[in-house]
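Asks: Using only what follows, build the 3D model:
(4 chains, ligands or ions: 6)
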Amino acid sequence: MKKLINNPENVVKEMLEGMVAAYPDLIKVHFSPNFIYRADSPVKGKVALISGGGSGHEPLHGGYVGRGMLDAACPGEVFTSPTPDQMYEAAKTVEGGEGILFIVKNYTGDVMNFDMAADLLKAEGYKVESVVIADDVAVEESLYSAGRRGVGGTVFAEKIGGAATERGWSLEEVKKVVEKVAKNVRSIGIALTPCTVPAAGKPTFELSEDEFEFGIGIHGEPGRKRLKMKPADEIVQMMMNAILQDMPLEKGDEVALLVNGMGGTPLMELFIVNRKVSQMLDGIGVKRYKTLVGNYITSLEMQGASITVLKLDDELKELLDDPALTPALRWKV
Amino acid sequence: MKKLINNPENVVKEMLEGMVAAYPDLIKVHFSPNFIYRADSPVKGKVALISGGGSGHEPLHGGYVGRGMLDAACPGEVFTSPTPDQMYEAAKTVEGGEGILFIVKNYTGDVMNFDMAADLLKAEGYKVESVVIADDVAVEESLYSAGRRGVGGTVFAEKIGGAATERGWSLEEVKKVVEKVAKNVRSIGIALTPCTVPAAGKPTFELSEDEFEFGIGIHGEPGRKRLKMKPADEIVQMMMNAILQDMPLEKGDEVALLVNGMGGTPLMELFIVNRKVSQMLDGIGVKRYKTLVGNYITSLEMQGASITVLKLDDELKELLDDPALTPALRWKV
Amino acid sequence: MEYDVKYFDRFVRIFAKYLTENKEYLTQLDAAIGDGDHGINMDRGARTALERLGTMNPKTPRELLRIVGMALLSSVGGAAGPLYGTVFMKMSMTIGNKEKIDDKDLVKALENALIGIKTLGKAEVGEKTMVDVWEPVVEFLKEKVLNEENEISEICREIIKLAEERMKATIPMQAKKGRASYLGERSIGHQDPGATSSYLFFKSLCEALSE
Amino acid sequence: MEYDVKYFDRFVRIFAKYLTENKEYLTQLDAAIGDGDHGINMDRGARTALERLGTMNPKTPRELLRIVGMALLSSVGGAAGPLYGTVFMKMSMTIGNKEKIDDKDLVKALENALIGIKTLGKAEVGEKTMVDVWEPVVEFLKEKVLNEENEISEICREIIKLAEERMKATIPMQAKKGRASYLGERSIGHQDPGATSSYLFFKSLCEALSE
Ligand SMILES: Nc1ncnc2c1ncn2[C@@H]1O[C@H](COP(=O)(O)OP(=O)(O)O)[C@@H](O)[C@H]1O
Ligand SMILES: Nc1ncnc2c1ncn2[C@@H]1O[C@H](COP(=O)(O)OP(=O)(O)O)[C@@H](O)[C@H]1O
Ligand SMILES: [Mg+2]
Ligand SMILES: [Mg+2]
Ligand SMILES: [Mg+2]
Ligand SMILES: [Mg+2]
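Replies: Ligands and ions are numbered 1, 2, ... in the order given. As a prediction, the model looks like this:
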């Protein structure tokens, strides 16, 4: 394992120090428990939007703290859900009197830890709601499992939810629109290489020189199947088919797209992916209203990509277009 | 070599197609010869700012085409300078009546190809000037060599030069301020892993599991020396010392910082680098006016980082702060 | 036998030692069907718990178990953090103000811990989680200690053996809960990491008896 | 001997074949002290040149050399693109309207090509570039053909041998120009890629004579 780090035990703390050094105008950082929050918190009269999850997915979530997106983000250890005290303290710091919405990626650990934090806060009289994002179509939906994983759809949930809070919507209204995002978003990922959690020191899995993993999770969880390497266009076709099978799109539908790098993928390759995604959507008459291409939700240095498609309506389009001023996403500001 | 590509011969073309699909509101693409240009070109009454270079460094340069930065970017093959016909056609497409400034990274091939384009354009009566960026302190300056390589400083040159053109400055004025950037900017890079040019199919160099390359070039050119792996803080110290030895900074000086990933480096590690960079600058009383952390000038999937320091004065600060609306850099818009 | 703060201190230290010793092993198990952090998480929790015990020096079982529970809750993270945190919190609450408890009290505490795990995780036996170790062991303890009035020390060997068996019995299971469930049938053939740390939990509980 | 459009066509095809065959080799040389693209660049140029020759079907040496020069200029890129582009453009311009040229004309064309390379790249002999092959070979040709009035075909073996020697002589040199110069002393011990493709240039020029 070769990494630009000092001690594997301190990577999260040192990352947070480096982050706040880069964006002192946008964010502040609290240590023990760790959370990143808007420099102008608490914003009075606004629902507080909070997310969090394991570290190693940067810029998610800390990079999306700021005007128009999150009020706070709670980073766990690398690939490990944060603990309830983080969300509890973060919520108390940024709450502006209108309640708190948690955006939670659907992993057992995340759900449990956010639930515990919600219980603690409710016990103190705070209004707390949660929306769970479970957009990864790689996982077959089933009553008898932990359900789908939350991945790229989270970025759109945070953008659109944040816009709604900024417009002064009530907790119920914000929750409803984030649930609408959750319902209309689908993702799928692939990996060409694994990644190495600093504390583990070894790759999370192995993949030979001529294979890729179809349906990879953002923690290096194995996917649907391991396949022989193919040209990008064929891989994209498989990915888009998985998404479109799960959420059929019709001529005239409008979507927001996220063509996401897993952390170690050259931007060049992401554009080559976006080319095929765009061609396929154009082919079925679906309008690409907005496209993001880049590293938005990563798995350390993993090489690979994910595609996220969000079906839009007028409300979602408007909120998507609203300003955002965060370290990782800037829009109309 | 495992890459999300179709045919190594088509990567640049397909990348450009994917890029324009993502940002149809910001950029247009011309094929054969290849160049990316502002969707609203030509902008009348404004100096046209054009850069270019080998592909594989994305988002440089195409990602910086748009309001407040470049009018056009000419992408060569991967890691290979573009050809004169690209700059020639690009210039004719975006020229707005006030002349053309080329920003050229200092590589023999780039300089020759841009010079040839300039000659062709001058022969047709266009006003053309060039500024060569040579900011890589890894290369010892010498009269008897090709001089220093142009690297991260180019991003600041394009941002500040673009702001000057947007303000309606004359060709001479724009040239002068870009030269000021060139004079006051220093960079240095390191690599933990090599990268593989698609057409070559093999890594550009080899590096064992416990080594890093100090002073790497953005084309995988070997650096100053190969060293045993060290903690991030020690590596950063070496890098900053190389920069500060070349361009001493004093208490009270203000700088813009770029902590840049080579393409395959997790953002987490870049923040850990930025932490130490910031601590060192704070330690000598230098003010960090603005910091960029992320993938701004890359070498495909190479793991590693570079640090760029630009010494600012009031003029540079103002221009740096001016709006930019490009695929890869958005500021106050 | 009577269980006082010294017993629980021994227990936690033995458990912590096992977790730290098995950091790599648990992580490897988790890498196969999860995200490769269970050992790292539990080790971090173990060290945090020991650190807090060192500075806070609890005087009662309840206090000690609460400190350990809070330490795990706020340092482990992932699925295991809330689950093991709950185990110790529930035990602490069940024991209440007693300075010393007997075998039956301990079993009741463990029974409540199991209820805590199941309430939180909603897993049943056979779904390839720590419940696959916890439920049979607690049932066995209830039978042997509450009904048949054995002392735990007499049945220690059987407890450890049962825990180990049930841990291994997770190998052929298909995961239905937690991260491993994403794998579907591909989760078959691997031992569940949480079941493994649970085996270490009961092993420590028993080994803390001697001395 | 007389050199007509057929000769130059043969020459370009042989040169192109060598470049394509040596794509890997030239790239490897460039990877050692440059950026590992010289073979890829020259191969792309070769294929573009052949493609254009195929569709444009030039009728005179001048036209043929101009087409090749433009093809290289607009497809090779890097340092080699302008340099080799210039070589063919200068040769084309020197030959002018003649349908056929003689040995002396060819040497003058090559001399002008060398001047073009040096004007553009500002490199001198000993700086580890293609000039290290070009200058001695052109000097030799000037001596043998312009002064001593030999035919090129008579001294072919010597030309190829000289080019090869000078190519190899770049190994111990320290690069002072081009990308390899960034390496300083570390550029010593490697053969210059551009000198190598220049050796292939002169080899092709000679081999095109027979047939
Ligand atoms: N719903 C659940 N109920 C009970 N135990 C669970 C549940 N989900 C997961 N576990 C246990 O947690 C273990 C994984 O813990 P850990 O790796 O620390 O968390 P994470 O899966 O969040 O990375 C699994 O091996 C399993 O025994
Ligand atoms: N200034 C120069 N004058 C003459 N030849 C040069 C000069 N700079 C570089 N070269 C030649 O170009 C070769 C490299 O070509 P190539 O790899 O295609 O371009 P790049 O260095 O831009 O990648 C070198 O091996 C050298 O022979
Ligand atoms: Mg985890
Ligand atoms: Mg090159
Ligand atoms: Mg785990
Ligand atoms: Mg080269």
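Asks: distance of the residue lying closest to A:Lys105 once chain neighbours are set aside from A:Ser81?
Replies: Take A:Lys105 and drop its neighbours on the chain: the residue closest to it by CB to CB, 6 or more residues apart in numbering or on different chains is A:Gly150, 2.9 Å away. (Each C-beta comes from the backbone N, C-alpha and C, glycine too.) A:Gly150 sits 11 Å away from A:Ser81, going by CB to CB, to the nearest Å.
Asks: okay, and the common contacts of these two?
Replies: A:Tyr107, A:Asp110 (CB atoms under 8 Å, 6 or more residues apart in numbering or on different chains).
Asks: All the helices of the stretch 151-300 of chain A, residue numbers only.
Replies: A:153-166, A:171-183, A:232-246, A:267-283 (DSSP state H, counting those that start in this stretch).
Asks: I should have written chain C there, sorry.
Replies: For chain C, applying DSSP state H gives helices covering C:5-21, C:23-33, C:38-56, C:61-75, C:80-95, C:103-121, C:131-141, C:156-169, C:193-207.
Asks: now those as JSON lines including mean neighbour count, distance to D:Tyr18 and mean pLDDT?
Replies: Formatted as JSON lines, the helices of chain C follow (neighbours: other CB atoms under 10 Å in any protein chain shown; distance: least, CB to CB, whole Å; pLDDT from 0 to 100):
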{"stretch": "helix C:5-21", "mean neighbour count": "19", "distance to D:Tyr18": "64", "mean pLDDT": "98"}
{"stretch": "helix C:23-33", "mean neighbour count": "22", "distance to D:Tyr18": "51", "mean pLDDT": "94"}
{"stretch": "helix C:38-56", "mean neighbour count": "21", "distance to D:Tyr18": "57", "mean pLDDT": "97"}
{"stretch": "helix C:61-75", "mean neighbour count": "23", "distance to D:Tyr18": "66", "mean pLDDT": "97"}
{"stretch": "helix C:80-95", "mean neighbour count": "25", "distance to D:Tyr18": "64", "mean pLDDT": "97"}
{"stretch": "helix C:103-121", "mean neighbour count": "20", "distance to D:Tyr18": "69", "mean pLDDT": "97"}
{"stretch": "helix C:131-141", "mean neighbour count": "22", "distance to D:Tyr18": "69", "mean pLDDT": "98"}
{"stretch": "helix C:156-169", "mean neighbour count": "17", "distance to D:Tyr18": "66", "mean pLDDT": "98"}
{"stretch": "helix C:193-207", "mean neighbour count": "24", "distance to D:Tyr18": "60", "mean pLDDT": "98"}
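Asks: With B:Asp115 as the reference, name the closest of these.
Replies: helix C:23-33 (54.8 Å; CB to CB).
Asks: Tell me which residue in chain C sits closest to ligand 4.
Replies: When scored by CB to the ion, chain C has C:Gly36 as its residue closest to ligand 4, at 40.0 Å.
Asks: The stretch 51-200 of chain A now?
Replies: A:Leu192 (25.3 Å).
Asks: Tally up the residues packed near that residue, please.
Replies: By the criterion of other CB atoms under 10 Å in any protein chain shown, A:Leu192 has 24 neighbours.
Asks: what are the phi and psi angles of it?
Replies: phi -100, psi -30 (degrees, to the nearest 10).
Asks: quick one: pLDDT of the residue nearest to A:Leu257 when sequence neighbours are not counted?
Replies: In space, A:Leu257 comes closest to A:Thr291 once its chain neighbours are excluded; the distance is 4.4 Å by CB to CB, 6+ apart. What the model reports for A:Thr291 is a pLDDT of 98.
Asks: ok now do A:Thr291, which residues does it touch?
Replies: By CB under 8 Å, 6+ apart, the neighbours of A:Thr291 are A:Ala256, A:Leu257, A:Leu258, A:Val259, A:Asn274, A:Ser278, B:Ala21, B:Ala22, B:Tyr23.
Asks: can you pull the contacts of C:Ala80?
Replies: A:Gly109, C:His38, C:Asn41, C:Met42, C:Gly45, C:Gly194, C:Ser197.
Asks: can we see that at 10 Å?
Replies: If a contact means CB atoms under 10 Å, 6 or more residues apart in numbering or on different chains, then C:Ala80 has A:80-81, A:108-109, A:112, C:26, C:30, C:37-39, C:41-42, C:45, C:72, C:130, C:178, C:193-194, C:197-198 as its contacts.
Asks: same check, this time on C:Lys104
Replies: Applying CB under 10 Å, 6+ apart to C:Lys104 gives the contacts C:Leu141, C:Lys142, C:Val145, C:Leu146, C:Glu149, C:Glu151, C:Ile152.
Asks: Show me where chain A dips below the pLDDT cut-off.
Replies: Where chain A drops to pLDDT under 70, the residues are A:141-144.
Asks: Taking the stretch 151-300 of chain A, what residue is nearest to ligand 5?
Replies: A:His219 (7.7 Å).
Asks: one step back: thought A:Lys202 was touching the residue of chain C closest to ligand 4, still the case?
Replies: Yes: judged on CB atoms under 10 Å, C:Gly36 makes contact with A:Lys202 at a distance of 7.9 Å.
Asks: if you count what's nearby, which of those two comes out ahead?
Replies: Using other CB under 10 Å as the criterion, C:Gly36 and A:Lys202 rank with C:Gly36 on top: 28 against 15.
Asks: Near the residue of the stretch 151-300 of chain A closest to ligand 5, how many residues? Count them for me, please.
Replies: When counting by other CB under 10 Å, one arrives at 26 neighbours for A:His219.
Asks: which bits of chain C sit near ligand 5?
Replies: C:Asp30, C:Gly34, C:Asp35, C:Asp37, C:His38 (CB under 5 Å from the ion).
Asks: ok, these vs D:Ile95, which is closest?
Replies: When these are compared against D:Ile95 (criterion: CB to CB), the nearest one is C:Asp35, at 69.4 Å.
Asks: got the phi/psi numbers for the closest one?
Replies: phi -120, psi 20.
Asks: quick one on the thing from earlier: the residue of the stretch 51-200 of chain A closest to ligand 4 reaches B:Lys3, doesn't it?
Replies: Yes: in this structure, A:Leu192 is within contact of B:Lys3 by CB under 10 Å, at 7.5 Å.
Asks: Now the common contact residues for these two.
Replies: Contacts common to A:Leu192 and B:Lys3, judged by CB under 10 Å, 6+ apart, are A:Met229, A:Thr265, A:Glu269, A:Gln303, B:Glu301.
Asks: Could you pull up phi and psi at the last one?
Replies: Backbone torsions of B:Glu301, given as degrees, to the nearest 10, read phi -100, psi 20.
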